[in-house]
Structures are given as structure tokens and as C-alpha cells.
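Enquirer: Test case, fold it:
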Amino acid sequence: MKRTLALLTLAAFLGGCTVITTPGGGTVVPPRSSTQQPPAYRLASSHWSDVAKIREEATMLNRQVANGQITKVQAAQRLNQLRIKLVGRNVVDDDMYEIYLRSATRSQANKISSAQSKQFVQDGLRSWQQRWPHMTNKPANPAFTNFLMEAMGMRPLQ
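Expert: Numbers count the residues shown, from 1 in each chain. Got it, this is the predicted structure:
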């Protein structure tokens, strides 16, 4: 009994084992250490192709806005429809879409300039760049946000 207790104590102290077999044949599985890291975060396999599809749609919509066929707000709404169809909703893209739409609405109403509109979106993106490393439940496919990061010449979320 003393020998078993000593072996268990030594094994627990060393902490390198995940399964400990006692001399009597029993098995002890120590609890997961709080210092173990969760699995590494990975973007969805379709992420960068989804970003490319959003970029392609944005380019086409931009031409329609320039030609007066649709408004900036309509273009933003259509881009949102595509992003939901492609990747669904997630907290990051939902927030950035709201910022993007607000910026387009204010710009279209001539309440802010194009430069102010761009700054407004960049500020939202910077905010997500700061929060991203500390998020525990990162979305697998923040494609809309990374499209905006790319369009603004900023480092993408990864």
C-alpha cells in the first residue's frame, strides 16, 4: 500500500504522464492540467477563397455604384447577403458589417467624407485586431472582416 501511494505521489509530482498504472493493475487518469494549451486555432479551409469571392463581388458592386445603378447602402446590403450565404453569421463579421453599413449610410447622406468613412471602418478593424488574440471562441471564417482588412491594407485576422 505504501509503495502504491509513493508511486502515485511521484507520478503526480512529475506530471508528465497522462495514464498511470498502479502495481495492482488499476489505472489512474490525472485531470487535465490548466497549463495545457487548447488546440491551435485554424481558419476554415474555404476562408481565403471566400475572401476572394467577397472581393470579386465588391469590385462588381463598386462599378455599379460608380455608374449610378445602385447606392452605397444597397451595395453594402448586397455584400452582406453574399457574406451570410458564403460563411454565415459570426460576431466579428456581424460587428464589422454594422460598422461598414453605418459608414456607407453616413457617407451616402453626405454626413461624413470618404476619408472619414474609411477612417471609421479602419477604427473598427483595429479594434478587432486588438481583441482577436484574446478571444476564446474565434470564428473559423471571418471572411468579410479579412476582406475589409485586405482592402484597407491591414494585417488580416489569423
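Enquirer: wait, residue 64 sits on residue 75?
Expert: Yes - judged on CB atoms under 8 Å, residue 64 makes contact with residue 75 at a distance of 6.8 Å. Where C-beta positions appear, they are placed from N, C-alpha and C, glycine not excepted.
Enquirer: Looking at those two, which is more packed in?
Expert: residue 75 (21 against 14; other CB atoms under 10 Å).
Enquirer: ok, for that one, nearest residue in space, not its chain neighbours?
Expert: residue 61 (4.0 Å; CB to CB, 6 or more residues apart in numbering).
Enquirer: for residue 107, same thing?
Expert: In space, residue 107 is closest to residue 117, 4.2 Å off (CB to CB, 6+ apart).
Enquirer: who's in contact with the one you found?
Expert: With contacts defined as CB atoms under 8 Å, 6 or more residues apart in numbering, the neighbours of residue 117 are 103-104, 106-107.
Enquirer: can you check residue 55 too?
Expert: 147, 150-151.
Enquirer: what about 6 Å?
Expert: residue 147 (CB atoms under 6 Å, 6 or more residues apart in numbering).
Enquirer: What residues of whichever strand or helix holds it count as buried?
Expert: Residue 55 belongs to helix 47-66 when elements are defined using DSSP states H and E. Neighbour-count burial for helix 47-66 flags 47, 50-51, 53-54, 57-58, 61, 65 (criterion: 16 or more other CB atoms under 10 Å).
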